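*Asks:* Give me the fold of what follows.
(chains A and B)
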Amino acid sequence: MTQDTLSAWDDLPSDSDSVPPRCLSVTVRGPWGHFRRIEGNIVKQTYRIIPRTTVAGLLAAVLGIGRDDYYDLFAPEESAIAIEPIEPLRTVNMPMNTLSTANEAMQSLNSRGKVSVKLPDPTKLRQQHNYEVLVDPAYRLYVWFANDDRFGELAAMLEDGRSHYVPSLGLSEHLAELDYHGISEVETGPTEGLVSVDSAVPNAVERVIPEKEARCQVEESPAFMTADAGGRTTTGFTSYAYNPDAGPLTVRNPETAIVDGKTVMFV
Amino acid sequence: MLSPEEFEKQYPENELAEELPDKPISSLRDIQYLYGKLYTLATAGGGKYASYLTPDSARDFVDEEDSLVVVRIDVSGDEPRLETSDRRGPVWITKYTKELIPKVAHCKYPAARGIDHSVSHQAGKNSDPEKLARYATERLTKWATDDVVQSVADEHEDGWIIDALADLGADESVLDTIEESVTTQLEGSTSALLTVQVKTEPDGEYQWPGDADLDVFMAGMRRRKLSKLVSKGQASDSSGEATDLVTGDRTRTVGTAEDPLNYFLGKQLEKFPGLDPNEAWRTHPISEDAAITLMNAETFVDACTYRTFGANVYYLPYFFGTPKPEKTYSLYGMLYDVATASDTSERLTPVEHVYRKRETEPIEDRLRFYISAIMPHQMSRYDVFGETMNGLIQYPASLQSAHRTILKTTVFRDSRERTAALPTHENWSLLVGEDFLGTVASGWYFLQTFPEGDDDTHASADDRRIQALVAVLSGEAIPVSMLLEAYVERIIDESRDDENGFPGLRVAAQYAQLCALAHADHDFLEVRDENDTLQQITNPPTYKSRTMKSGREIAIPDGGFAGEEKIETFIEDTPALAENDERCASFLLGALVGAVGNYQEYVQERSTTLVDQFPVKAVTRNRVKKVAEDAIEKAVTYTRQEKKEGRVYPGTKFDYIVERLRKTIIQPDPDDWTIDTDDLRFYYALGVTYGMNDRPVKTNGADK
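*Replies:* Model prediction:
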């Protein structure tokens, strides 16, 4: 992180600190996607907007950063991400056959050894569970890190079409395709009056103007994480308002930024 | 529960504002939390234990005979003893009344085996005296000795009272006395709560667990309930510091809280880090307070549900954005109405409730519904088949209005000379009437027109009825291809049934629905696949409306033939037909088959007709030519026959259909048709229905 970037960050008016100086943008898409909503585990419903934590995991996979090692890179003051759904958000129910993880259905490998692993017994009958799955999801992501090295590294990886781990949309079987658009300057967008916002609208549900022509939906998903001694926890959630038909929403007095002619909101 | 007026009086705006969450409703958990808050405020008033109690769980027992069994214990002397000296004796069996609810202070724990959290315990409905006797003794033997309750006894200044109960419970003769007292007093099975009363002062009164002086009972209940938030099933202590998913506060969170909708269970180990249920709080972090509040949503959540297609459909109303007092009073009013609607036959869906109440006022545009269709498989294994946070009452309301409109047009109402294009029947709810909101909201709307599913009643995960229901309520568009596919499947299913013949009324109902979906203010139909020709189906038809009294209609000039006029107008006003020759030819072919079939049935009195000969499932692009040839040939044959018998008319029978069919069916040649089979079949079926229903008014049977 250079001093320049920091001061550019600091110089911005305090109420619009969600606008980074520049960002890279990349479209992620795939035939399927599943971002399990946290209020369910027995039922597997999906978020419509890829959660910010999932974006972090996806980009960390490109960079090859290990689990529990990338949360600081994506921390609130250290990064900015805007998400624009570019295809209509629709879902189907997909029944999948899964193995039981109940204790009695697990088998231990090397149970007396120093390292022992418990696995579901693959010879057991499967149970069918229903997954709500996004069909042809596609999002354009606008990404900035305060950490210049990492930012450059990510841009280079995406430029080359390389990735350390295989990128996917929520579940490993839902492979993602990444289409890099380059680095752009970010201008401070309009913040007054009624503004048409192209990206999902974070933390401003109150200011969205309901319109007959544009459907507006809302969901809350995990945004930030931290690691502790025993694992990781969510430290912040973001509520997104979005147009499920992938069009813009009209928002009153939002904190917007303009990137490549698109009006987006970072968080 | 406080009435909406009492609620508003008891909690003025500024006080209510303090209780409400200060962030927008953006998840199911947020709605449950708000419901739980309102429920707690409305039932238990204030008090530090209010949110832990479940005053509604034994509501059915109130004012029933023998619905409260009270074990009476005197701990005022040196040794605790059962009350034996006064009139009521060791076990007092009485009536559970409204006034006793706060005194009994019940807190249910929905465990298959085990005891409730409070010393007061709810027995199953119609338990026999022996069972109740055992439950009565368990107030001493199980509740008082419970590990968690004991930990309170150790710390609380009045802990000795619990110890006294436990000591009494260790004495077999005491237990025998209780059992005997219960069984001799009860004549048969009853539904009852079991509780205790305790006398702590020699000259004092007997007190209830909910009385202020017996705080130790409440403290025990509270700790027991809280303990289950972290230890249940295989989890022994699932808690840790994280961000509460409801309030967003960094706090101690718990992992095994109950979810009134059972979306989250402690058994789903693969979703916990290291398959360890003690880590459940990491994947579903919720604070103790929020968890308790969520559990209190149950009464309202349960009230806002009903069954359809074997699934539970939940409709949870809420206002978009951050809850404000004014809207919250209104929300409370809705929930109260639904929760207190006593007569189940009168029970409306929450959508209807809200709509009826507000029919006179403009519909609030921030009102939304969380809607989900849930299939329960086992006690606690659920599947969500369809779900949305974004149901709007405007969507079903606009569909209702479009459906009303279509039924009043020439398509469903006879003219003076000629029948309507399609038949109606008073028993068919999609073909008569005004009130379609409940029909739409309950799922009946698609139950009537879509195939019935594999085992008749139960929906499957990809059930199109549920997809269509959720789509209509959340303003999603339904793909036309799916609709046609479902319609045709239902028609074919029903045509198998030989006794009823061709399901013309079913087709009419489907067509009314299709027109309503196309006609509604909102875009309910879309073309998702490559087939752009389906676009024409989504264009609303422009049928003239016909008032009930059609007598004043202007007669057709020049003595024109009403049947000709009717089919011409019908095609012109239907973009799907007017703009697509292949579809129009399919319709005309059906109309001819229907008309000839009718003639065969009513004039010639034949039992097998062209309609039976060419059922919907037998019609494909390849067979169109053959069907057309046969139908035209029949028309020609009957013309010759009638003319031989001396009837005089120009051309052939049904030539207003035949001539049109001849013109449209050759461009292009059916061998080169590209129309989808479902599309072709549905409009063929519509034609058959049209043809069978087409006759002069007042005279049945043959025409022309």
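
*Asks:* What residues of stretch B:463-480 count as buried?
*Replies:* Neighbour counts over stretch B:463-480 (16 or more other Cβ atoms under 10 Å in any protein chain shown) mark B:463-480 as buried. (Each C-beta comes from the backbone N, C-alpha and C, glycine too.)

*Asks:* Show me the subset of the residues you listed that also lies near chain A.
*Replies:* Among these, proximity to chain A is found for B:Gly475, B:Glu476 (Cβ under 8 Å from any Cβ of the partner chain).

*Asks:* What's the local residue count around A:Ile258?
*Replies:* 17 (other Cβ atoms under 10 Å in any protein chain shown).

*Asks:* wait, isn't it in contact with A:Ser184?
*Replies:* No: with contact defined as Cβ atoms under 8 Å, A:Ile258 does not reach A:Ser184; the gap is 9.4 Å.

*Asks:* picking up where we left off before, so of the buried residues of stretch B:463-480, which ones are in strands?
*Replies:* B:Ile478, B:Pro479 (DSSP state E).

*Asks:* and the buried residues of stretch B:463-480, which of them are in helices?
*Replies:* B:Arg464, B:Arg465, B:Ile466, B:Gln467, B:Ala468, B:Leu469, B:Val470, B:Ala471, B:Val472, B:Leu473, B:Ser474, B:Val480 (DSSP state H).

*Asks:* Surely the last one touches B:Asn539?
*Replies:* It stands for B:Val480. No: in this structure B:Val480 lies outside contact range of B:Asn539 using Cβ under 8 Å: 10.9 Å.

*Asks:* related to what we said a few turns ago, rebuild the ones in helices among the buried residues of stretch B:463-480 as a markdown table, extending it with pLDDT.
*Replies:* Shown next, in a markdown table, are those (pLDDT from 0 to 100):
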| residue | pLDDT |
| --- | --- |
| B:Arg464 | 89 |
| B:Arg465 | 89 |
| B:Ile466 | 88 |
| B:Gln467 | 89 |
| B:Ala468 | 92 |
| B:Leu469 | 90 |
| B:Val470 | 88 |
| B:Ala471 | 90 |
| B:Val472 | 92 |
| B:Leu473 | 88 |
| B:Ser474 | 86 |
| B:Val480 | 95 |
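
*Asks:* Give me the spatial nearest neighbour of B:Ser474, chain neighbours excluded.
*Replies:* B:Thr388 (3.8 Å; Cβ to Cβ, 6 or more residues apart in numbering or on different chains).

*Asks:* So in terms of bridging, what pairs with that neighbour?
*Replies:* B:Ile371 (DSSP bridges).

*Asks:* can you pull out the helices in chain A?
*Replies:* Listed in chain order (using DSSP H), the helices of chain A are A:3-11, A:52-63, A:148-160.

*Asks:* just the stretch 151-300 of chain B next, same as before
*Replies:* Using DSSP state H, counting those that start in this stretch, the helices of the stretch 151-300 of chain B run over B:159-169, B:172-185, B:215-227, B:280-283, B:288-295, B:298-303.

*Asks:* now the shortest one, how far from the centre of its chain.
*Replies:* Yep, that's helix B:280-283 we're talking about. 31 Å (Cα atoms, centre = their mean, to the nearest Å).

*Asks:* buried ones in it?
*Replies:* B:Ala280, B:Trp281, B:Arg282, B:Thr283.

*Asks:* for the chain, what are the low-confidence residue spans?
*Replies:* In the absence of a named chain, chain A is used. Scanning chain A for pLDDT under 70 picks out the ranges A:1-18.

*Asks:* Can you look at chain B instead?
*Replies:* B:44-46, B:342-350, B:356-364, B:378-380, B:454-458, B:497-498, B:548-560, B:698-704.

*Asks:* Grab the most central residue of it for me.
*Replies:* B:Val313 (3.1 Å; Cα atoms, centre = their mean).

*Asks:* Does it lie in a helix or a strand, and which?
*Replies:* B:Val313 belongs to strand B:311-319 when assigned by DSSP states H and E.

*Asks:* Would you mind getting the angle between the helix or strand just after that strand and strand B:311-319?
*Replies:* The element immediately downstream of strand B:311-319 (helix or strand, assigned by DSSP H and E) is helix B:325-340. Interaxial angle, helix B:325-340 versus strand B:311-319 (axes from the mean of the first three to the mean of the last three Cα atoms, to 10 degrees): 150 degrees.
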